[in-house]
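Participant: what shape does this take:
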Amino acid sequence: MNEKDVEAISGICITSFLHSIADTLSEEGKTTFSSIAASNAFLSRMKGDNLMLVAESDENIFGVIELKEGRHVAMLFIRPESQKSGIGRKLLASALKYAKVETVTVSASLSSISAYEKYGFECRGEIGESAGLVYQPMEIKLSKEVCAVST
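Facilitator: Numbering: from 1, shown residues only. Presented below is the predicted three-dimensional model:
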């Protein structure tokens, strides 16, 4: 992901969120997500230890994944019209090559649990809530070979 992609990425995240998740959350959750997905928030996280990858074709961006500190999937959003086409799976596979740990986690929105299960994640713990965002903790155990490639 480049700085020039930030506006498009923010738009994809917010559009996908409104399409799939927003109706299940409180106003607080919607506000929290809007601040996390804002362009300036992406720019700030790009300067930290977060890997951000985009799926693009002919300079059109279709999705984004953010891997925080090589251990946690912080964002995975695909344009609504492009979902269920394999883009999320490809983004996840690419990001996991950079994992710095054997177990990668995600705080999955309730509507995305089945997608993460298809990717190989398993539910861990109880459904939680933070700043109005409701999530299911999940994790995937990677083979040692995958972890060795990323270090």
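
Participant: in the chain, which spans are strands?
Facilitator: Ranges of strands in the chain, per DSSP state E, are 50-57, 60-68, 72-78, 103-108, 122-123, 128-130, 133-141.

Participant: starting at the chain centroid, how far to the third one?
Facilitator: Relative to its chain's centre, strand 72-78 lies at 0 Å (Cα atoms, centre = their mean, to the nearest Å).

Participant: pull it out as CSV, backbone CA atoms only.
Facilitator: Provided in CSV are the C-alpha atoms of strand 72-78 (Å, rounded to 0.1, in the frame of the first residue of the first chain):
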residue,chain,number,x,y,z
HIS,A,72,-2.7,-9.7,14.3
VAL,A,73,-5.0,-9.2,11.3
ALA,A,74,-6.3,-5.7,12.1
MET,A,75,-8.2,-5.1,8.8
LEU,A,76,-9.4,-7.2,6.0
PHE,A,77,-11.9,-5.5,3.7
ILE,A,78,-12.9,-6.3,0.1
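
Participant: which other helices and strands contact that strand?
Facilitator: helix 6-20, strand 50-57, strand 60-68, helix 87-96, strand 103-108 (3 or more Cβ pairs under 8 Å, 6 or more residues apart in numbering; DSSP states H and E). Bear in mind the C-beta positions are built from the backbone N, C-alpha and C, glycine included.

Participant: on that earlier part again, any chance of the strands of the chain in a markdown table, with distance to Glu3 and mean pLDDT too?
Facilitator: Formatted as a markdown table, the strands of the chain follow (distance: least, Cβ to Cβ, whole Å; pLDDT from 0 to 100):
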| stretch | distance to Glu3 | mean pLDDT |
| --- | --- | --- |
| strand 50-57 | 11 | 94 |
| strand 60-68 | 13 | 95 |
| strand 72-78 | 17 | 96 |
| strand 103-108 | 25 | 98 |
| strand 122-123 | 35 | 97 |
| strand 128-130 | 28 | 96 |
| strand 133-141 | 26 | 97 |
